[in-house]
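Novice: Need coordinates for the below:
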Amino acid sequence: MVMDTVRPRPAGVGPAEEPVHSQSRWGIRKRSVLSAVVVVTFSLLVGGAFLLLVLQSSLISAAWNNLALRANDVARLLDEEGVRETQSTLVEDRRSSEQVQIIDSANQVVAWSTRRLRTEPISALRPVPGKTAKEQLPRVPALGEDDEVLVSARGVEVHNQAYVVLVAAPLEVQTDALRTVGLLLLVAAPLLVALVAVAVWVLVGQSLKTVERIRRQVAEIDGRRLSERVEVPPTGDEIAALTVTMNQMLDKLEHSDRTHRAFFSDASHELRSPLSTLVTTAEVASLDQTGKTWLDLQQTVLNESSRMQALVEDLLTLAKVDAHQLQLDVQDVDLEDVLDAEISRLRTVSGLQVRAELQPIRVRGDERRLSQVLRNLLDNAARYAKSTIVVGMERRASDAVVSVDNDGEIISTQDRNRVFERFARLDTSRSSDGGGSGLGLAISREIMLAHGGAVVATEWDGWCRFQVILPTVDVDGQPSAASSAR
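Specialist: Next up is the predicted model:
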């Protein structure tokens, strides 16, 4: 695995230097090969042992079945043709892997398949007539074999005389088969492990080449090249999904960068205007030795200072929103009281006609922030109204809806979302010269989102309308069921 160490670069220096590559002792490639080798080797060991056990059991079971069948055949022959004829048949139909003895009730060998078996029984098994028994012996000297021997015994009665048919076979064939299979596994296992190691090395290497290419492309993207994107491989696998996610992250970074640049530019522009006015005022007043100019320009200084203070407060509010640090002092709020106080303020500072129809509605939220939203909407309406502002309240299911209408210019449908953007300027009439900074509606939207509500721009009967929508509170002070399920 290639580990990257990025050297820090001082502020103001150009693009970052090429990352320094240091070869890791155990990278992803080596660890993957080692893991695959360990797993395959362990699987082969366990699987090979299990295979040998199953094969041994199957071979021995098959041998037992063959011996039992042979014993039944000899017992049937003995019952049909007698001892003498059976002896002749055994000698003529002798099988090298199977040896047969017939024992009478006196424990004497009366028939055999080879002469070396005529002296003593090869097994002590003596099942009663009609029954079968079996045993596995370490060795049988009469057979002259050193391998283990399987013996199957069958009891039979002929002319009221009890006999026992013994059929024996060494395990040499089964042992040789197991030995052969074991040797094949020992030879094939290392080859298979080596093949797996090579395959994993190649496949992981190909995947890491794609990752390295993506890393290099991302390393070349800086603040001046945020529009570039990483090439998505056509594999459709997890690496392709990672690339798509990385491009989505770059989209967000580019959008955030554009937003912040525009925000800083607009904020600088808005702050420059009152600061320029204050500087000019100070320069003019300083030229008057009598001090009379200071008195004449006092109101201008106060107005521009208040305007700059409001703008700074709005910027701080938006900064808290961006940092997810906007804290609300949530409590039960009588919305009609907050709205009535803001309407009274507007009537005092404005010469417009303000009509209001209020009703008792309780919501849950931060009273100061809700007052800020309503003040922004009323000030916005006063800024663009011709002569009249109409304020209304109503309940809609589990929501409280506050409508602020003015008889000014209606906002077009395509601009009703853009009007809530920061420093939005829809036309020349909606400029900062009217006293607005372009932040009030943006702040109102963020505050309403924090309350689980919304603020929208629309129209009503040819009037420009802004509506605030908030979940209501039941009599016991809890949010209504419908709003809680939202």
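Novice: And the helices in the stretch 51-200 of the chain?
Specialist: 172-220 (DSSP state H, counting those that start in this stretch).
Novice: so where's it uncertain?
Specialist: Across the stretch 51-200 of the chain, the ranges flagged by pLDDT under 70 are 95-96, 141-146.
Novice: Swap in 80 and give it another go.
Specialist: 92-97, 114-119, 138-147 (pLDDT under 80).
Novice: ok, which stretches of it are strands?
Specialist: 99-104, 109-112, 132-137, 149-158, 161-170 (DSSP state E, counting those that start in this stretch).
Novice: With respect to Glu367, which of these lies nearest?
Specialist: Nearest to Glu367 among those is strand 132-137; the distance by C-beta to C-beta comes to 93.9 Å. Just so you know, the C-beta spots here come from the backbone N, C-alpha and C atoms, and that holds for glycine as well.
Novice: residues touching the residue nearest to Asn406 when sequence neighbours are not counted, list them.
Specialist: Using C-beta to C-beta, 6 or more residues apart in numbering and skipping the chain neighbours, the partner closest in space to Asn406 is Ala385 (3.6 Å). Neighbour list for Ala385: Leu352, Asn406, Asp407, Gly408 [criterion: C-beta atoms under 8 Å, 6 or more residues apart in numbering].
Novice: One more: Ala450?
Specialist: Ala450 touches Val321, Leu326, Leu328, Arg369, counting by C-beta under 8 Å, 6+ apart.
Novice: Please apply the same query to Val301.
Specialist: Per C-beta under 8 Å, 6+ apart, neighbours of Val301: Leu278, Thr281.
Novice: mind checking how far it is from Ser286?
Specialist: Val301 sits 13 Å away from Ser286, going by C-beta to C-beta, to the nearest Å.
Novice: returning to what we had before: redo the strands of the stretch 51-200 of the chain as JSON lines? Include distance to Leu34.
Specialist: Formatted as JSON lines, these follow (distance: least, C-beta to C-beta, whole Å):
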{"stretch": "strand 99-104", "distance to Leu34": "54"}
{"stretch": "strand 109-112", "distance to Leu34": "62"}
{"stretch": "strand 132-137", "distance to Leu34": "44"}
{"stretch": "strand 149-158", "distance to Leu34": "45"}
{"stretch": "strand 161-170", "distance to Leu34": "45"}
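Novice: count of neighbours near Ile389?
Specialist: Per other C-beta atoms under 10 Å, the neighbour tally for Ile389 reads 25.
Novice: So it, which state does it fall into?
Specialist: The three-state label given to Ile389 by DSSP: H, G, I helix; E, B strand; the rest coil is strand.
Novice: Wait, it touches Gly408, no?
Specialist: No - here Ile389 does not reach Gly408: they are 9.3 Å apart, not a contact under C-beta atoms under 8 Å.
Novice: Need the residues touching each of those two.
Specialist: Counting by C-beta under 8 Å, 6+ apart, the residues touching both Ile389 and Gly408 are Ala381.
Novice: rewinding a little: in TSV, list the strands of the stretch 51-200 of the chain along with distance to Ser57 and mean neighbour count.
Specialist: Below are the strands of the stretch 51-200 of the chain laid out as TSV (distance: least, C-beta to C-beta, whole Å; neighbours: other C-beta atoms under 10 Å):
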stretch	distance to Ser57	mean neighbour count
strand 99-104	24	24
strand 109-112	31	20
strand 132-137	13	15
strand 149-158	13	22
strand 161-170	17	23
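Novice: ok, Gly392 to Asn406 distance?
Specialist: Where Asn406 is concerned, Gly392 sits at a distance of 13 Å (C-beta to C-beta).
Novice: Show me which of those two is the more surrounded one.
Specialist: Higher neighbour count among Gly392 and Asn406: Asn406, with 26 against 18, using other C-beta under 10 Å.
Novice: Among the contacts of Ala450, which ones are in helices?
Specialist: If you go by DSSP state H, the contacts of Ala450 have Val321, Arg369 in helices.
Novice: Quick one, which of the contacts of Ala450 are buried?
Specialist: Buried members of the contacts of Ala450, counted by 16 or more other C-beta atoms under 10 Å: Val321, Leu326, Arg369.
Novice: out of the contacts of Ala385, which is most surrounded?
Specialist: Counting neighbours by other C-beta under 10 Å, Asn406 leads those with 26 neighbours.
Novice: list the contacts for it?
Specialist: Ala381, Ala382, Tyr384, Ala385, Lys386, Thr388, Ile389, Val390, Trp463, Cys464.
Novice: could I get the residues you listed as JSON lines with pLDDT and distance to Val83?
Specialist: Output for these, formatted as JSON lines (pLDDT from 0 to 100; distance: C-beta to C-beta, whole Å):
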{"residue": "Ala381", "pLDDT": "92", "distance to Val83": "126"}
{"residue": "Ala382", "pLDDT": "92", "distance to Val83": "130"}
{"residue": "Tyr384", "pLDDT": "89", "distance to Val83": "128"}
{"residue": "Ala385", "pLDDT": "92", "distance to Val83": "131"}
{"residue": "Lys386", "pLDDT": "92", "distance to Val83": "134"}
{"residue": "Thr388", "pLDDT": "94", "distance to Val83": "133"}
{"residue": "Ile389", "pLDDT": "94", "distance to Val83": "129"}
{"residue": "Val390", "pLDDT": "95", "distance to Val83": "127"}
{"residue": "Trp463", "pLDDT": "93", "distance to Val83": "125"}
{"residue": "Cys464", "pLDDT": "94", "distance to Val83": "124"}
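Novice: Need these in TSV (columns: distance to Gly440).
Specialist: Formatted as TSV, these follow (distance: C-beta to C-beta, whole Å):
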residue	distance to Gly440
Ala381	11
Ala382	12
Tyr384	12
Ala385	15
Lys386	20
Thr388	21
Ile389	16
Val390	20
Trp463	19
Cys464	15
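Novice: just to revisit the earlier point, ok, so of the contacts of Ala450, who is nearest Glu212?
Specialist: Nearest to Glu212 out of the contacts of Ala450 is Val321 (C-beta to C-beta; 39.5 Å).
Novice: Tell me the confidence at that closest one?
Specialist: We note a pLDDT of 73 for Val321 in this prediction.
Novice: Let me know how buried Trp64 is, in neighbour terms.
Specialist: Neighbours of Trp64 (other C-beta under 10 Å): 16.
Novice: Thanks a lot, catch you later.
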